[in-house]
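Engineer: Provided below are the primary sequence and the corresponding predicted coordinates.
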Amino acid sequence: MSSGPLERLDRLPKWPWSRWLLVNLGASFFFGFYDIVVVGATLPVIGDQFGQSASSMAWVVTVSLIGLVLGEFVGAWLATRRSRVLTLQTALWVFSIGMIISALAPSLWVLLLGRFLAGLGTGADIAIVVTYVAEISPSRMRGRITGFTTVCGYAGIAIVPFIAAVLLPAVDWGWRAMFAFGALGAVVLLLTRRHMPPSPRLLMLQGREADAERVVAEAEDRVRAQVPTLPPVVEASPDVSLNRWRPVLLIVLSIAWIAYYFGNYGWLVVAPSILTENGFDLVSSLGFIAVANLGLVLGAVLAFLLADRLERKWLLMATFTVWGAALAGIAILASGAAIAILGFIAALTIGLGVPTFYAFTAEHVPSRVRPLGMAFTDGVGHLGGAAAPLILVGLTLTPAFGTMAVTGFVVVVLLILIPATRQRSLEQLAR
C-alpha cells in the first residue's frame with residue numbers, strides 16, 4: 001500500500017491543529033462531565049423541594065443516562081452518515097435546551113424531560129469527541145490528547161461539589177443556577193465550534209481522497225512552521241496475527257464498561273445520596289466528596305503524561321486494581337476521613353483510567369464503524385451507570401461501596417482478554 005494522507009498524519013511529531021481546537025474539545029468534556037455530576041450533587045435538595053423520596057429522585061439520574069445512551073447511538077448514526085463536526089454542533093444545541101428546561105423545571109416530570117434531553121446531547125457529544133480526537137491525532141499523541149481533553153472534563157466534575165456546597169445551603173434556587181451555568185457555557189462553546197477540520201479518516205472512507213489530502217497538507221504546513229523537518233512517512237504494515245479486527249472485542253469491552261460505569265457513577269453521582277441516607281449531613285457529604293474529587297484532575301494530568309509512554313492495557317489493569325482497593329477501604333472503614341482520603345485515590349484512578357480507557361477502546365474499532373463502535377461500548381456501558389442509583393440508593397454505606405469496589409476487579413479480569421495497542425496506527429489495530 002502506498003503512503004497516503006493517513007500515514008502522513010500519523011507520523012507528525014506535534015499537534016497539527018489550532019490550540020483553540022484543543023480548548024474547544026476540552027471544554028466539550030468540561031460541560032459534558034459537569035452535566036453528568038451536577039444532577040447527583042443537587043438531587044437531595046431537589047427531592048426536598050419537590051416532595052419526592054430518594055428512590056423517586058434516583059429516576060432523575062437513570063433518565064439522564066438513558067438519554068445519554070440513546071444520544072450516543074443517534075450521534076454515531078449522524079456522525080457516520082453526515083460528519084463528525086455537524087454531530088458535535090447539533091449535540092451542543094440539544095444539550096443546552098435540556099439544561100435550560102432543567103433549570104426552569106417546576107416539577108419532577110418537567111425535570112425528567114430536561115434531564116433526558118441534556119443526556120441525549122451529552123451522549124452524542126462525548127462519544128463523537130472521543131472518535132474525533134482519535135481520528136485527527138497523530139498516532140504517537142492519541143493518548144496524550146485524549147488525556148488533555150479529559151483533564152478539562154474532570155475539572156468540570158471537580159468544581160461541582162464546591163459550587164454546590166456554597167449555593168445549595170444558601171438559596172432555594174441554587175440548584176437551578178447550577179443547571180443554568182451548564183446551559184450558558186454550552187452556548188458559548190457552540191459559537192466557537194464553527195472552524196473544526198473534518199476527519200481525514202472519514203473523508204477517506206467517503207471516497208473523498210482529495211479533500212483528505214488537502215486537510216492533511218494543511219496539518220503538515222502547521223507542523224513545518226514549528227519543526228525544521230518532518231519525520232519520514234512510515235508505510236503501515238498490518239500485524240495480522242495480533243491486530244485483526246474482531247467484533248467479539250466489542251462485547252468484552254462493553255461488559256468491561258458496564259462493570260466500570262456502575263462503580264464510576266456510584267461514586268460520582270450516587271455517593272451524595274448514599275452518604276445523606278446514612279447519617280451524613282449534606283454539607284459534610286459535599287465537603288468530603290469535594291476534597292476527594294480533586295484527585296480527578298491529578299489523575300487526568302497523569303493520563304496526559306503517561307498514556308503514550310506506557311502500554312495502555314497494563315496501565316489500565318493497574319489503575320482499576322487500585323480503584324477497587326480504594327472503594328473496598330471506604331466500605332470497611334466507613335468514616336468521613338476514609339471517604340476523603342481513599343476517595344481521593346479512587347477519584348485519581350477515574351481521572352487516569354477513563355481517558356486511557358476511551359483511547360484504548362477507540363483503537364480497537366476500525367474507522368468505518370468507529371462512531372457506532374464507541375456508541376455501542378460506551379452506550380451499553382452506561383446501562384451500568386443507569387442501574388447504579390436504582391441498586392445503590394437505599395443500601396447502607398458498607399454494602400454500597402463494597403459493591404462498587406467489585407467493579408474494578410471485574411474490569412481487570414476482562415482486560416486480560418484484550419490485545420495491547422500503544423503506538424500502532426488505527427488502521428493496523430482495527431482492520
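Structural biologist: Right, received. Where do you want to start? Numbering: from 1, shown residues only.
Engineer: ok, which stretches of the stretch 301-431 of the chain are strands?
Structural biologist: With strands called from DSSP state E, counting those that start in this stretch, the stretch 301-431 of the chain shows none.
Engineer: Which stretches in it count as helices?
Structural biologist: 312-333, 336-362, 370-392, 397-415, 426-429 (DSSP state H, counting those that start in this stretch).
Engineer: Okay, now the unreliable bits of the stretch 151-300 of the chain?
Structural biologist: Low-confidence segments of the stretch 151-300 of the chain, defined by pLDDT under 70, span residues 194, 234-246.
Engineer: Please list the residues outside stretch 334-351 that contact it.
Structural biologist: 150-151, 154, 264, 267-268, 275, 280, 284, 288-289, 291-303, 319-320, 322-323, 326-327, 329-330, 333, 397-398, 401, 408 (C-beta atoms under 8 Å, 6 or more residues apart in numbering). Heads up, the C-betas are built off the backbone N, CA and C, glycines and all.
Engineer: Quick one: buried ones out of these?
Structural biologist: 150-151, 154, 264, 267-268, 275, 280, 288-289, 291-303, 319-320, 322-323, 326-327, 329-330, 333, 397, 401, 408 (16 or more other C-beta atoms under 10 Å).
Engineer: contacts for stretch 290-303?
Structural biologist: So stretch 290-303 is in contact with 143, 146-147, 150-151, 153-155, 157-158, 160-162, 165, 268, 339-356, going by C-beta under 8 Å, 6+ apart.
Engineer: what distance separates that stretch from the centre of its chain?
Structural biologist: 14 Å (C-alpha atoms, centre = their mean, to the nearest Å).
Engineer: repeat for stretch 272-291
Structural biologist: Taking C-alpha atoms, centre = their mean, the mean C-alpha location of stretch 272-291 is offset from the chain mean by 24 Å.
Engineer: Mind listing what's buried along that stretch?
Structural biologist: Neighbour count says stretch 272-291 has 272-277, 280, 282, 285-291 buried, by 16+ other C-beta under 10 Å.
Engineer: same deal with stretch 89-98?
Structural biologist: Thr90, Ala91, Leu92, Val94, Phe95, Ser96, Ile97, Gly98.
Engineer: and Ala388, how many neighbours does it have?
Structural biologist: Neighbour count for Ala388, taken as other C-beta atoms under 10 Å: 29.
Engineer: What pLDDT is listed against it?
Structural biologist: On the pLDDT scale, Ala388 is placed at 87.
Engineer: quick one on the thing from earlier: hmm, which of the contacts of stretch 290-303 are the buried ones?
Structural biologist: 143, 146-147, 150-151, 153-155, 157-158, 160-162, 165, 268, 339-356.
Engineer: Show the contacting residues for Ser64.
Structural biologist: Here Ser64 is in contact with Asp35, Ile36, Val39, Arg115, Phe116, Ala118, Gly119 (C-beta under 8 Å, 6+ apart).
Engineer: So among the residues you listed, where is pLDDT lowest?
Structural biologist: Ile36 (79).
Engineer: what helix or strand does that residue sit in?
Structural biologist: helix 19-50 (DSSP states H and E).
Engineer: tell me which residues in the following helix or strand past that helix are buried?
Structural biologist: Of the helices and strands lying after helix 19-50 in sequence (DSSP H and E), the nearest is helix 54-81. Applying a neighbour-count criterion of 16+ other C-beta under 10 Å, one finds 54, 57-76, 78-80 buried in helix 54-81.
Engineer: which phi and psi does Pro232 have?
Structural biologist: phi -60, psi 150 (degrees, to the nearest 10).
Engineer: again but with Pro228, I slipped
Structural biologist: phi -70, psi -40.
Engineer: what's the spacing between it and Leu9?
Structural biologist: 19 Å (C-beta to C-beta, to the nearest Å).
Engineer: What of Ser53?
Structural biologist: For Ser53, the distance to Leu9 - C-beta to C-beta - is 53 Å.
Engineer: So which of those two has more stuff around it?
Structural biologist: Leu9 (24 against 10).
Engineer: Which neighbouring elements make contact with the helix or strand where that one lies?
Structural biologist: Leu9 is located in helix 5-10, with elements delineated by DSSP H and E. If you count contacts as 3 or more C-beta pairs under 8 Å, 6 or more residues apart in numbering; DSSP states H and E, helix 5-10 packs onto helix 200-205, helix 209-224.
Engineer: Any chance of a markdown table for those helices, columns mean neighbour count and distance to Ser107?
Structural biologist: Converted to a markdown table, these look like this (neighbours: other C-beta atoms under 10 Å; distance: least, C-beta to C-beta, whole Å):
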| stretch | mean neighbour count | distance to Ser107 |
| --- | --- | --- |
| helix 200-205 | 22 | 42 |
| helix 209-224 | 16 | 48 |
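Engineer: Need the ones you listed in TSV (columns: distance to Ser139).
Structural biologist: Formatted as TSV, those follow (distance: least, C-beta to C-beta, whole Å):
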stretch	distance to Ser139
helix 200-205	12
helix 209-224	13
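Engineer: from the chain's centre, how far out does stretch 65-85 sit?
Structural biologist: 14 Å.
Engineer: Only C-alpha atoms, please: export it in PDB.
Structural biologist: The C-alpha trace of stretch 65-85 is given here as PDB (Å, rounded to 0.1, in the frame of the first residue of the first chain):
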ATOM      1  CA  LEU A  65     -28.300   8.100  31.500                       C
ATOM      2  CA  ILE A  66     -31.000   6.600  29.300                       C
ATOM      3  CA  GLY A  67     -30.900   9.800  27.200                       C
ATOM      4  CA  LEU A  68     -27.100   9.600  27.200                       C
ATOM      5  CA  VAL A  69     -27.100   6.000  25.800                       C
ATOM      6  CA  LEU A  70     -29.700   6.900  23.200                       C
ATOM      7  CA  GLY A  71     -27.700  10.100  22.300                       C
ATOM      8  CA  GLU A  72     -24.600   8.000  21.700                       C
ATOM      9  CA  PHE A  73     -26.300   5.800  19.100                       C
ATOM     10  CA  VAL A  74     -28.100   8.800  17.400                       C
ATOM     11  CA  GLY A  75     -24.900  10.700  17.400                       C
ATOM     12  CA  ALA A  76     -23.000   7.700  15.900                       C
ATOM     13  CA  TRP A  77     -25.500   7.400  13.100                       C
ATOM     14  CA  LEU A  78     -25.400  11.100  12.300                       C
ATOM     15  CA  ALA A  79     -21.600  11.200  12.500                       C
ATOM     16  CA  THR A  80     -21.300   8.200  10.100                       C
ATOM     17  CA  ARG A  81     -23.900   9.300   7.600                       C
ATOM     18  CA  ARG A  82     -23.000  13.100   7.600                       C
ATOM     19  CA  SER A  83     -20.000  14.300   9.500                       C
ATOM     20  CA  ARG A  84     -18.300  14.300  12.900                       C
ATOM     21  CA  VAL A  85     -18.300  18.100  13.000                       C
END
